[in-house]
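I would like the atomic coordinates for the input below:
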Amino acid sequence: MLDRDIAKTYAEWFRALADPTRVQILNLLAETGSPMTVGEIVERVSVGQSTVSAHLKVLADTGFVLVEPRGTARLYRVNEECVSCFPSAADVVMGRGVRSFAETADEEAR
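Numbering: from 1, shown residues only. You can find the predicted model right below:
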């Protein structure tokens, strides 16, 4: 059976991506390939600044997005490590035996 802490992490990931605007923001950051400010994201997504900020907080809290303070601005970019584990998370939940995020993190810590 899947470890409870890992199950909690995966549930948070799935919940974070259950909103279409967050999926759009993550896709935009991935396609752009470079860090973006909230203002730059707002220009490309059809929602307001406070909504984008709230969605970025969820994405950052779950690890999909990394935040880099730069002066008074904050730059957002995709966390490739987290995103690369996401497809495996679905396989692990479904019992397909792919390495879990915890196993990957353990190997990187060594």
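
Within the helices and strands, which one has residue 31?
Following DSSP states H and E, one finds residue 31 within helix 20-32.

element containing residue 52, please.
Counting by DSSP H and E, residue 52 is part of helix 49-61.

Next one: residue 10, what pLDDT does it get?
Residue 10 is assigned 81 on the pLDDT scale.

now do residue 89
At residue 89, pLDDT is 56.

that older thread, buried residues in the following helix or strand past the helix holding residue 31, which are they?
Downstream of helix 20-32, the first helix or strand assigned by DSSP H and E is helix 38-44. By neighbour count on 16 or more other C-beta atoms under 10 Å, the buried set for helix 38-44 is 38, 40, 41, 42. (C-beta placed from N, C-alpha, C; glycine too.)

how about a markdown table for those residues, with pLDDT and distance to residue 10 added?
Listed next are the buried residues of helix 38-44 as a markdown table, based on pLDDT from 0 to 100; distance: C-beta to C-beta, whole Å:
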| residue | pLDDT | distance to residue 10 |
| --- | --- | --- |
| 38 | 96 | 27 |
| 40 | 96 | 30 |
| 41 | 97 | 26 |
| 42 | 97 | 30 |
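
Return the member of those residues nearest to residue 17.
Residue 17 has its nearest neighbour among the buried residues of helix 38-44 in residue 41, at 16.6 Å by C-beta to C-beta.

Just want the most central residue of the protein.
residue 64 (1.4 Å; C-alpha atoms, centre = their mean).

Report the contact partners of it.
Residue 64 sits next to 13, 16, 17, 26, 78, 79, 82, 83 when contact means C-beta atoms under 8 Å, 6 or more residues apart in numbering.

repeat for residue 15
residue 62.

Please tell me the pLDDT value assigned to it.
In this prediction residue 15 is given a pLDDT of 91.

Likewise for residue 101?
Residue 101 is given a pLDDT of 53.

same thing with residue 64?
For residue 64, the model assigns a pLDDT of 91.

same question, residue 109
Model confidence at residue 109, given as pLDDT, is 58.
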